[in-house]
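> fold the stuff below for me.
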Amino acid sequence: MWRTSAICRIWSGALLGALLAARAARWVGQGRVIWLAPLATCPLTGLMALARPGWSVWVAALGLAALSLGGVVRMVAQASFQQALTPDRLMGRMSATARFVSWGGLALGGVIGGAVGSVLGARLTLCVGAAGMTLSLLPALLSPLRTLRELPRTQDPVRIGDRSPARPTP
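Numbers count the residues shown, from 1 in each chain. Model prediction:
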């Protein structure tokens, strides 16, 4: 019974993230939420290392729910940003490339996590993973997204290499 409830808590993080994504972007800014969401939620995945059999599985569920919430908020903001800057004719390529990098990273992370886990053990590996996920926000933090409050309203054809006239984004 408690296992089913813990799984429901994890999924509720993703649902809550979907419901809060637009509000979070308005509150802190669309560019800022791309790095603030992981900063606020990824460290909580370290709670998974504290879980033991029994009631403390809730601690792991809390960490995973936070990760789901932050991941969905970041992904909504990031996808909006990518789509606002990508010309329609390149949208499919941009989406395919982003998915390839993202999903390829998941496979690579699984292999690396398994190797690290066999050397360091599960608990320490979970802590290393939490630190790695938190540090993954650095490229966004060190970019102009750090201070961007709103997405660009038009595409700049010179900046993105498209020769078609700029058009307003919806």
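
> in terms of pLDDT, where does the residue positioned nearest the centre of the chain sit?
The residue lying closest to the centre of the chain (Cα atoms, centre = their mean) is Gly71, at 3.4 Å. pLDDT for Gly71: 91.

> does it touch Ala21 like I think?
No - judged on Cβ atoms under 8 Å, Gly71 makes no contact with Ala21 at a distance of 10.5 Å. For the C-beta atoms, the positions are set from N, CA and C on the backbone; glycine is no exception.

> where does this protein dip in pLDDT?
1-11, 153-170 (pLDDT under 70).

> where along it do the helices fall?
Assigned by DSSP state H, the helices in the chain fall at 2-28, 32-41, 57-85, 91-120, 122-135, 138-141, 157-160.

> tell me the angle of the second one relative to helix 57-85?
What it means is helix 32-41. Angle of helix 32-41 versus helix 57-85, following axes from the mean of the first three to the mean of the last three Cα atoms, to 10 degrees, is 170 degrees.

> can you give me how far helix 32-41 is from the chain middle?
Distance, stretch centre to chain centre, for helix 32-41: 8 Å (Cα atoms, centre = their mean, to the nearest Å).

> and the third one, by the same measure?
For helix 57-85, the distance between its averaged C-alpha position and the chain's averaged C-alpha position is 5 Å (Cα atoms, centre = their mean).

> buried stuff in that helix?
For helix 57-85, the neighbour count (16 or more other Cβ atoms under 10 Å) marks 57-78, 80-81, 84-85 as buried.

> counting by contacts, list what it packs against.
helix 2-28, helix 32-41, helix 91-120 (3 or more Cβ pairs under 8 Å, 6 or more residues apart in numbering; DSSP states H and E).

> residue contacts, Pro38?
70-71, 74, 133-134, 136-137 (Cβ atoms under 8 Å, 6 or more residues apart in numbering).

> out of those, flag the one nearest to Leu145.
Leu137 (9.9 Å; Cβ to Cβ).

> the nearest residue to Arg123 once chain neighbours are set aside - how many residues pack around it?
Among residues not flanking Arg123 along the chain, Ala49 sits closest, at 4.4 Å (Cβ to Cβ, 6 or more residues apart in numbering). Residues near Ala49, counting by other Cβ atoms under 10 Å, number 19.

> then Met48?
With other Cβ under 10 Å as criterion, Met48 counts 21.

> name the nearest residue to Leu20, sequence neighbours excluded.
The shortest distance from Leu20 to any non-neighbouring residue, by Cβ to Cβ, 6+ apart, is to Val73 (6.2 Å).
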